[in-house]
Structure formats: structure tokens, C-alpha cells
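Undergrad: dropping the sequence and predicted coords here.
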Amino acid sequence: MDLNILSKSKKIHCIGIGGIGVSALARMFLLEGKLVSGSDISASFVTDELKKRGAKIFIGHKSSNITKDVDVVIYTKAIKNNNPEFQKAKKLGIPTLSYSQALGVVSLSKYTIAVSGTHGKTTTTGMIAWGLIKAKKEPTVVVGSFLNDLKSNFIAGKGKYFIAEACEYQRSFLDLNPKIVVVTNIDNDHLDYYKTEKNLFNAFVEFVKKIPKDGFLVTDLSDSKLVKLSKNANCRVIDFSKYRIDFPLKLIGEHNMKNAQAAGSVLKLLGVTSNEIKESLASFSGTAKRFEYKGKKDGVLVYDDYAHHPTEIKATLKAVKLKFKSNRLIVIFQPHLYSRTKILFKDFLKSFSDADEIIFLPIYAAREKQDKSISSQKLFNSLKHKNKFYFNSFGEVDKFLKTHLKKGNILLTMGAGDVFKIGERFLS
């Protein structure tokens, strides 16, 4: 691969440009003055914003979207090999890079801080970014959600630091070239790809081995799994569980306290002063879809959360109940992927004890074909909860909420699909 391919390219096409990661790179290319085009299956706020910034957006994947003058094609790993644009690029001999490969090329020329882990990586990435921005270090940032304070998933910086969220799915993070790696935790996710937890752990081992001798692994040595992981590092290991957060955060929950400990440890390594760390972490207001406040109507508070793994659901609901002790918590859950629902079925059944009421919706299939051996209805039937409901459509939920919600209720939509639309529909 030509490592200068992105700097030399004048025209770049992005397949899946509406995705949170690919769209961040598209923003970067536009700011560099490159011609950017891209396609996605539907229009969205993200594609509309890119259009305003000068990108040429196609709705739908067609071979005609790729022209001979395109220098490089960036694609999301969610697309299949038979994608017509991907096939056309191959036919024309246009170089193709996956999103993670493109990130890897960017990381070569920067001091890269890669934030990985099953849970908490988006928030931790955001916290580190916010700390460096407040300390006037001018970082470049690619994060897997929109930072609430900046309304963006990409920050163009003139400084030497590059902060990237490093996703373990399909071993994507191995394309990065990091100087500092953060591992927040390792949990049993993406087993549709890894098959076993051992394979997943070994991918993290490979990632940690990429850190150079003068680099750092920042992880939680109060976690036995991460202690075992740290033994594979050829660099200095920093235990973020020892970092003291003795000030209040805007974000709720023990899980966010841990994210702040990880971010604080990294910021300290990068020479940010204790006062600057305290001010930045205390003022950080989070990222979109992480217990995001959506609004209030008729005394009902509406929030949305991306949690789609049992550990995340449990942690978020525990934090919400601690904050809103006297409010009735109504959760609308849309499971994400047939494979995840099937593999983690028993864990899901233990995740909703802090919800006063739970509403289930059908599984959001995303990249998967229907698997008739598993369904949200089966999850609903097996869940031991006295206030549970199942609906087949958003319309049915809309109708139910009209007469069911009362002043003082918390309505929380949960999942990585499009369940957030229900909260937005209620508010509008």
C-alpha cells in the first residue's frame, strides 16, 4: 500500500459516507480541500451536513457513482464484496481502503492515541479530546459519535496528537499505528465474528503488541483480564484505576468515573496539568447517544442511549436509577443483531432489573439476515419482570405512550438501531 495515497489524492469517494466513522474522514478530506463524493442507502442528518460542506452525495449504491477520475475509494466494512461501487473501483483499478486502513494511514504521520475496549471507548475518546482542546494542544480527533460540546465527530487540529476510537470488530484496530493504547475493558461482544472469547482476547493481545517500546498501555489493573493482557505489552503500563477523580462529573454512573480515570491518566502522560484535567473532565458534557437528553414534554423527560450489550444496559440503568430515585423509569429496548441477541440471551435477561417498565421491539437486523431461531419476542417471554410489554412496530408504541406516560416519568430509548426515533416522535 502506498502510504502517501491519501495526501496525494485529489478526489476521494466514500462508500457508506453516512456512517459515523467514514463521515468523520470525509469531513477531514473536505477541510483539506479535496473533492469528496460518497454514497449511502438513505439520507440522514450526517449526509445533509456533508452536502452543506461541499460533498457530492448519492443515495443508493450504483456503479455509476464511481468515475475514472476518482483517486481512492474508502469503504465501510459493513458493505459486502459484491457492492456495485466496490466492484467498479476494482474493475477500474482504483485503490480501495477500508475505513480502518485509512485511519491507519492518517495515524502514521501523527502521535496517535488509540482508545479501545468493549465499553466506554467513545466517551473516553471524547474526554481525552476535550482535555487536549482545553489545554490548547490542538488535537486531530476521530470519534464514533458527535461530541455534544462541539456538535462534530471530527476535529481538525494543527497539533501533533491524533486521537482515534479503535474498534475491535473484524480486528479493525490492528490497522492503527498507536503510541498510546487505552484498553477500557474486554467483554464478550462481536462473537458473531470472533466465535470465542479467547479469539477476541488474542486480537487485543495483537493490538497491544503494536505499541512501541517508548509508548504506553493505559489500562485497568484492578481487572484480572486486563492484568493478563498487560503482560503482553513491550512498553510502559499505566494503571488508570489508580487515577483519582475527586470532583463531580456531568456524566452519571460508575462506568463514566472509570472512563474519566482512563482519560485523566492519558492527559497526565501528555503533559496536561492537574488543574486543566480537572476543569476539562468536570465540564465534559458527553457524546450523542450516550444517555443523551432529548427533551421534555408534559413533564416526561426523554433520553436516548446507545447501550446494546447487557453490561452497558445494566450499568446505564443502575446509574439512571441512582440519579432519578423517585422517577418511574420506562425503557424501550430494541435488540441489535440476531447473533448478539442469541449469544448473550441469558445475560440480557439479567440486565433490566433497574427498569420500572420495559418495552421490547423486534430485533434491529443491521448487517444480518433474519435468523428465525431467535427473536425479541423470545427474549420478552423469558424475561422475569412484572411490567413488560411487547410491540411489533413503532406505531404501536407511539399509541401506547400517548395514554401511558405520566408527569415525572423518565422515557429511555435503548439500542444501536433506530429506536431513538420513538423518543423524538413523542417529543414532536
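TA: Sure, I can see it.

Undergrad: can you pull the contacts of T219?
TA: 182-184, 226, 229-230, 237-240 (C-beta atoms under 8 Å, 6 or more residues apart in numbering). In short, each C-beta sits where N, CA and C put it, glycine included.

Undergrad: 10 Å - rerun?
TA: 116-117, 181-186, 204, 208, 225-227, 229-230, 233, 237-241, 262, 265 (C-beta atoms under 10 Å, 6 or more residues apart in numbering).

Undergrad: just the buried ones out of those residues, please.
TA: Buried members of the contacts of T219, scored by 16 or more other C-beta atoms under 10 Å, are 116-117, 181-186, 204, 208, 225-226, 229-230, 233, 237-240, 262, 265.

Undergrad: among those, which are located in helices?
TA: Per DSSP state H, helices hold the following members of these: 204, 208, 225-226, 229-230, 262, 265.

Undergrad: CSV for the residues you listed, including distance to L427 and pLDDT?
TA: Shown next, in CSV, are those (distance: C-beta to C-beta, whole Å; pLDDT from 0 to 100):
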residue, distance to L427, pLDDT
F204, 40, 98
V208, 44, 98
K225, 40, 98
L226, 40, 98
L229, 43, 98
S230, 45, 98
A262, 33, 98
S265, 38, 98
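
Undergrad: tell me which of these is nearest to N275?
TA: S265 (16.2 Å; C-beta to C-beta).

Undergrad: which residues touch that closest one?
TA: 128, 180, 182, 216, 218-220, 238-243, 277.

Undergrad: at 8 Å what do you get?
TA: 218, 238, 240, 243.

Undergrad: show me this structure divided up by domain.
TA: Domains of the chain are assigned by automatic domain parsing as 5-98, 110-283, 292-427.

Undergrad: the shortest one: end-to-end distance?
TA: I take that to be domain 5-98. 13 Å (C-alpha to C-alpha, to the nearest Å).

Undergrad: now the longest one
TA: Its first and final residues considered, domain 110-283 spans 27 Å by C-alpha to C-alpha.

Undergrad: what mean pLDDT does stretch 288-308 get?
TA: Averaged across stretch 288-308, the pLDDT comes to 94.

Undergrad: could you do stretch 358-378 as well?
TA: The predicted confidence, averaged over stretch 358-378, sits at 94.

Undergrad: in that stretch, what's buried?
TA: Quick answer for stretch 358-378 (16+ other C-beta under 10 Å): 358-361, 363-364, 374-376.

Undergrad: which of these fall in strands?
TA: Counted as lying in strands by DSSP state E, out of these, are 358-360.

Undergrad: could these go into a markdown table alongside distance to G423?
TA: Formatted as a markdown table, those follow (distance: C-beta to C-beta, whole Å):
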| residue | distance to G423 |
| --- | --- |
| I358 | 15 |
| I359 | 12 |
| F360 | 16 |
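
Undergrad: which one of these is nearest I252?
TA: Nearest to I252 among those is I358, at 19.8 Å by C-beta to C-beta.

Undergrad: who's that closest one bridged to?
TA: V331, K388 (DSSP bridges).

Undergrad: low-scoring stretches of the chain, by residue?
TA: By pLDDT under 70, the low-scoring segments of the chain are 1-3.

Undergrad: residue closest to the middle of it?
TA: G144 (4.1 Å; C-alpha atoms, centre = their mean).

Undergrad: secondary structure class for that one?
TA: strand (DSSP: H, G, I helix; E, B strand; the rest coil).

Undergrad: circling back: tell me which of the buried residues of stretch 358-378 is nearest to K406?
TA: Closest to K406, out of all of these and judged by C-beta to C-beta, is I359, at 15.2 Å.

Undergrad: touching, D354 and R328? I think so.
TA: No - using C-beta atoms under 8 Å, D354 is not in contact with R328; the gap is 11.8 Å.

Undergrad: for stretch 120-134, the distance to its chain's centre please.
TA: 13 Å (C-alpha atoms, centre = their mean, to the nearest Å).

Undergrad: also stretch 288-308?
TA: 17 Å.

Undergrad: residues in contact with the residue nearest to the centre of the chain?
TA: Neighbours of G144 in contact, by C-beta under 8 Å, 6+ apart: 20-21, 121-122, 125, 153, 165, 167.

Undergrad: ok, and the most crowded of those?
TA: T125 (30 neighbours; other C-beta atoms under 10 Å).

Undergrad: how about the secondary structure of that residue?
TA: Assignment for T125 (three-state DSSP): helix.

Undergrad: pretty sure it sits against P139.
TA: No - T125 is not in contact with P139 according to C-beta under 8 Å; the separation is 10.6 Å.

Undergrad: residues shared between the contacts of these two?
TA: Shared contacts of T125 and P139, defined by C-beta under 8 Å, 6+ apart, comprise I163.

Undergrad: does the residue nearest to R27 when sequence neighbours are not counted count as helix, strand or coil?
TA: Among residues not flanking R27 along the chain, F154 sits closest, at 4.2 Å (C-beta to C-beta, 6 or more residues apart in numbering). Following three-state DSSP, F154 is assigned to strand.

Undergrad: re the thing from before, tabulate the domains of the chain (a markdown table), appending distance to G104.
TA: Shown next, in a markdown table, are the domains of the chain (distance: least, C-beta to C-beta, whole Å):
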| stretch | distance to G104 |
| --- | --- |
| domain 5-98 | 9 |
| domain 110-283 | 4 |
| domain 292-427 | 22 |
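
Undergrad: what ranges do the strands span in the stretch 101-250 of the chain?
TA: Taking DSSP state E, counting those that start in this stretch as the test, the strands found in the stretch 101-250 of the chain are 111-116, 140-147, 152-155, 161-165, 180-183, 216-219, 236-239.

Undergrad: for the last one, give me every contacting residue.
TA: Just to be clear, that refers to strand 236-239. Counting by C-beta under 8 Å, 6+ apart, residues outside strand 236-239 touching it are 215-222, 230, 265, 269.
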